[in-house]
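Q: Sequence below, structure please.
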Amino acid sequence: MRVQDTIAHLKRGWSLPRRSSFSNPSRPQFELECSFLEPALRSAESLLPLDLEEFWTACGGARLFEDRQYGQWGLVLLDPLNSTKATSEFRRSRQRDFVTGDVVIGRFLGDSDLLLVRCDVNLADFGQTLVAQPLDPRVDWDVVGATFGEFLAKFAAAEGRKFWESEKAGPSTD
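A: Residues are numbered from 1 along each chain as shown. Predicted coordinates:
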């Protein structure tokens with residue numbers, strides 16, 4: 001699925017708050033919503049994967065599967081300017097884990113996990129999308145997509161669940 005197709009799917013299905021399909025009827029119900037910024041022009045300072053450029057050209061940034069009531073669930077995909085600022089902060093605060101080519105593109109609400117894309121065109125992991133956990137060393141970070149577009153499609157299909165956590169845990173016994 002192309003990035004623009006995923007964005008269109010999210011706009012059609014999640015522009016108004018609603019419960020996810022994984023809601024547990026015996027627990028408090030959270031309504032989730034997706035909202036999008038206006039398209040943004042990126043700076044020419046670095047080479048970006050085409051699917052990330054496509055995202056920023058289409059909508060600039062987004063708040064995906066946000067719990068508007070408590071603000072403890074969802075993903076904020078940053079616009080290019082805030083991505084540059086977040087990447088600089090990440091480089092300063094996580095020097096041990098930062099690798100040239102890391103670009104922070106998002107942060108998860110309710111925790112301190114960051115979403116980053118590998119943007120070093122000279123390396124085999126160009127375009128790979130990872131979740132950087134605040135306390136874990138880089139070797140323990142989750143690769144959540146071979147590309148940003150793959151991550152976005154999986155995140156949309158999972159309705160905002162952290163699908164990589166359930167993949168690590170194995171099949172559920174519920």
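Q: pLDDT averaged over the longest helix anywhere in the chain - what is it?
A: Criterion DSSP state H: the longest helix present in the chain is helix 80-93. For helix 80-93, the mean per-residue pLDDT is 96.
Q: Give me the sheet partners of the following helix or strand past it and which way each runs.
A: Proceeding N to C from helix 80-93, the next assigned helix or strand is strand 102-108, under DSSP states H and E. If you go by DSSP bridges, strand 102-108 pairs up with strand 75-77 (antiparallel), strand 114-118 (antiparallel).
Q: which stretches of the protein have low pLDDT?
A: 22-29, 41-46, 167-174 (pLDDT under 70).
Q: in it, which spans are strands?
A: Remark: strands assigned in the chain by DSSP state E are 18-19, 31-36, 62-67, 75-77, 102-108, 114-118, 129-132, 142-145.
Q: Out of the strands paired with strand 102-108, indicate the one that is most buried.
A: Among the strands paired with strand 102-108, ranked by average contacts under mean count of other C-beta atoms under 10 Å, first place goes to strand 114-118 (a mean of 24). Where you see a C-beta, it was placed from the backbone N, CA and C, and this is true even at glycine.
Q: if we look at that one, which residues are touching it?
A: For strand 114-118, contacts defined as C-beta atoms under 8 Å, 6 or more residues apart in numbering pick out 48-49, 52, 75, 77, 86-87, 90, 99, 101-108, 125-132, 134, 144, 148, 151.
Q: now the angle from that strand to helix 80-93?
A: Here the directions of strand 114-118 and helix 80-93 differ by 100 degrees (axes from the mean of the first three to the mean of the last three C-alpha atoms, to 10 degrees).
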